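*Asks:* test case, fold it:
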Amino acid sequence: MTDSQAPTAPSVPDAPAKAGAAAPAGATNPVAPAPAGARTAADVVTPEVVARLVRGVVGSGRTANHTPFTGEKLADLPESTPEDVAEAFTRARAAQEAWAATPVRTRAAVLLRFHDLILERQSEVLDLIQLETGKARLHAHEEVLAVVVVARHYGRNASSYLRPRRHTGVVPTLTKVTELRHPRGVVGQIAPWNYPLELSVGDALPAFVAGNAIVMKPDTETALTALWARDLLIEAGLPAEVFQVVLGEGPVVGPEVVKHADYVSFTGSTRTGREVAQSAAARLVGVTLELGGKNAMLVLKDADVEKAAAGAVRACFSSAGQLCIAIERLYVHESVADDFISRFAARTKAMRLGNSLAYGADMGSLVGERQLETVKKHVEEAVAKGATLVAGGVARPDIGPLFYEPTILEGVEAPMTVCSEETFGPVVSIYRFRDEDEVVALANATSYGLNSSVWTKDARRGHAIAARLHTGTVNINEAYAPAYGSVQAPMGGMKDSGIGRRHGAEGILKFTEAQTVAQQRLVPLAPSFGMDDEKYAAFMSVSLRAMKALRLR
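*Replies:* From the prediction side, this is the model:
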């Protein structure tokens, strides 16, 4: 994720276009019509809703968040000082011990009830996600799906992940060894704005079921979504004090969260992630970092071009490209490049842009003015230095102040900024290649290593290419959803894209401390039965050779 992880409040660059205003010159993407009777921000974010959601937030100051759709204020919110953050940790610590003593199955049952509640009341959170991020409703629904899958997985499997495990001792039968798992205590979580449900509560669920409390700092601009999730978890049975939320500017509140946490979970920019890691390391505190990406999609010469073009739309423009695992580099074999680009461009130009709290739009808005400026800068610089616009490249203030058409560039090369830096917007660069060794080298020629995508009709070839790519996840014949949604398997980044993994065993065990309890029985691990030191050493040497011969581990 880019360093604009904490976006500036959305603002209207000049004067916002009124409904029905003409699209600017060069615009091609149609506007999705708003359905009759569609809800508005005033219908969703009422004073009563805000008062309910901020209950329990530790904050002595005042701040506010805004909607990217119009730039207007959504809600006044409590703002936390360093002292407030310390108080939140005090509250969480006081509650965590009793929560950790609660049986694992009881804790897991909270996740399963939360699973059902979020599906029943998803329309509420879909409205909030859209209002706070500007994304299309279908892309908001991806967050609901991701959280529900995680809740079900850890709700069903937490007991298995956390149960005591027997291990073979140093002397079989004489040494009995058990591995126990203890919660770390209070986890400090810093969550970003781009996926405010999935990257807040989705990452918190395994920490809770492992017996931890959490102090979470969501981005202020998307705080209502995280607070809604907290409210629903409490309704599902989570003790309120176990889940603390603090709000405020990242450079002020973030370091305070790291300062007090027993473990840190951070999703955001690589630059900020380095700072978080350094602060945590100074305290010898563990950390998980999911950071930026410059992800590549490879379309091999035997790919189904039509399916690859459709998949590229999902890969590049979901959530307006504001997705850490979105594709920003698209490598296409030269033999199918013209056909692919034609199909991809046609699909991209046909995407419907919209700002309604309803299904129907294919892409929504950028989240903040800083994101819009980054997108404009990357595209304009590339074109000025010789790149070609295949599609897009136009802001759409006729829809909203932060809308920008999905954009395809060709002819991108160093030192264009878009060539190597993460844009984190609806912009993709297309490159042609000749052979698979070349494209693997090109895909790996980045400091990032988060996600990649390979398209081919030959499954064996796809797996062979995937194994050569230096990314934490690889998707064959899809963009990102199969690897991310398969929550029994780990997800995370290599190189500058992060440390640690979410999902699977690693996704819950990272929130625990391992303890080994070894019981020695019958005889000590020392000279006994009249043996002197030399005879004991000889006996143990013979025993070790025998254990190897018996293939004991």
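
*Asks:* which residue sits farthest out from the middle of this protein?
*Replies:* Among the C-alpha atoms of the chain, the one most distant from their mean position (CA atoms, centre = their mean) is that of Gly530, at 61.7 Å.

*Asks:* for Ala414, which non-adjacent residue is spatially closest?
*Replies:* Ser420 (6.8 Å; CB to CB, 6 or more residues apart in numbering). (Each C-beta comes from the backbone N, C-alpha and C, glycine too.)

*Asks:* ok, the one you found touching Gly292?
*Replies:* No. Counting by CB atoms under 8 Å, Ser420 sits too far from Gly292 to count as a contact (11.6 Å).

*Asks:* compare these two (neighbour count), which wins?
*Replies:* Neighbours were counted for Ser420 and for Gly292 using other CB atoms under 10 Å; Gly292 has more, 26 against 16.

*Asks:* let me know the pLDDT of the more buried one.
*Replies:* Note for Gly292: predicted pLDDT of 95.

*Asks:* ok, now Gly37?
*Replies:* Looking at Gly37, its pLDDT reads 86.

*Asks:* from Ser356, how far out is it?
*Replies:* 11 Å (CB to CB, to the nearest Å).

*Asks:* higher neighbour count, these two?
*Replies:* The neighbour comparison of Gly37 against Ser356 (other CB under 10 Å) goes to Ser356, with 20 against 6.

*Asks:* ok, now how distant is Lys294 from Thr512?
*Replies:* 33 Å.

*Asks:* more neighbours: which of those two?
*Replies:* Lys294 (23 against 20).

*Asks:* confirm for me that the more buried one is in contact with Glu328.
*Replies:* Yes. Between Lys294 and Glu328 there is a contact under CB under 8 Å: 5.5 Å.

*Asks:* between those two, which contacts overlap?
*Replies:* Listed as contacting both Lys294 and Glu328 by CB atoms under 8 Å, 6 or more residues apart in numbering are Glu422.

*Asks:* now Gly202, nearest residue through space, not along the chain?
*Replies:* Nearest non-adjacent residue to Gly202 (CB to CB, 6+ apart): Val147, at 4.6 Å.

*Asks:* where along the stretch 201-350 of the chain do the helices fall?
*Replies:* 201-209, 223-235, 250-260, 270-282, 305-317, 337-349 (DSSP state H, counting those that start in this stretch).

*Asks:* deepest of those, which one?
*Replies:* Of the helices of the stretch 201-350 of the chain, the one with the most neighbours on average (mean count of other CB atoms under 10 Å) is helix 201-209, at a mean of 27.

*Asks:* what is the mean pLDDT for that one?
*Replies:* On average, helix 201-209 scores 98.

*Asks:* quick check: angle from it to helix 223-235?
*Replies:* Angle, helix 201-209 to helix 223-235, by axes from the mean of the first three to the mean of the last three CA atoms, to 10 degrees: 30 degrees.

*Asks:* so which elements touch helix 201-209?
*Replies:* Helix 201-209 is packed against helix 104-120, helix 137-162, strand 186-190, strand 213-217, helix 223-235, strand 263-267, helix 504-509, with contacts defined by 3 or more CB pairs under 8 Å, 6 or more residues apart in numbering; DSSP states H and E.

*Asks:* tell me which of those lies nearest to Pro30.
*Replies:* helix 137-162 (16.3 Å; CB to CB).

*Asks:* the residue most central in space within the chain and Glu142, how far apart?
*Replies:* Closest residue to the average C-alpha location of the chain: Leu199 at 4.9 Å, with CA atoms, centre = their mean. Noted for Leu199: a distance of 12 Å to Glu142, by CB to CB.

*Asks:* same question, Glu72
*Replies:* 25 Å.

*Asks:* what about the two, which has more around it?
*Replies:* Glu142 (22 against 15).

*Asks:* show me what stretch 71-84 is in contact with.
*Replies:* With CB under 8 Å, 6+ apart, stretch 71-84 has contacts from 9-12, 16, 41, 45, 50, 54, 57-67, 88, 131-132, 220, 223-224, 246-248, 252-253, 256, 401-402.

*Asks:* buried residues, that stretch. List them.
*Replies:* Going by neighbour count (16 or more other CB atoms under 10 Å), the buried part of stretch 71-84 is Gly71, Leu74, Ala75, Leu77, Pro78, Glu79, Ser80, Thr81, Asp84.

*Asks:* closest one of the residues you listed to Ala310?
*Replies:* Gly71 (33.0 Å).

*Asks:* just checking, that closest one is part of a strand?
*Replies:* No. Gly71: not assigned to a strand; according to DSSP: H, G, I helix; E, B strand; the rest coil it is coil.

*Asks:* which pLDDT value goes with Ala22?
*Replies:* Model confidence at Ala22 (pLDDT) stands at 88.

*Asks:* what sits against it?
*Replies:* Neighbours of Ala22 in contact, by CB under 8 Å, 6+ apart: Asp398.

*Asks:* can you classify it by secondary structure?
*Replies:* Ala22 ends up coil, using three-state DSSP.

*Asks:* just Gly400 next, same as before
*Replies:* Criterion first, three-state DSSP; result for Gly400: coil.

*Asks:* show the backbone phi and psi for it.
*Replies:* For Gly400, the backbone dihedrals (degrees, to the nearest 10) come out as phi -180, psi 160.

*Asks:* could you report the neighbour count for it?
*Replies:* Gly400: 23 neighbours (other CB under 10 Å).
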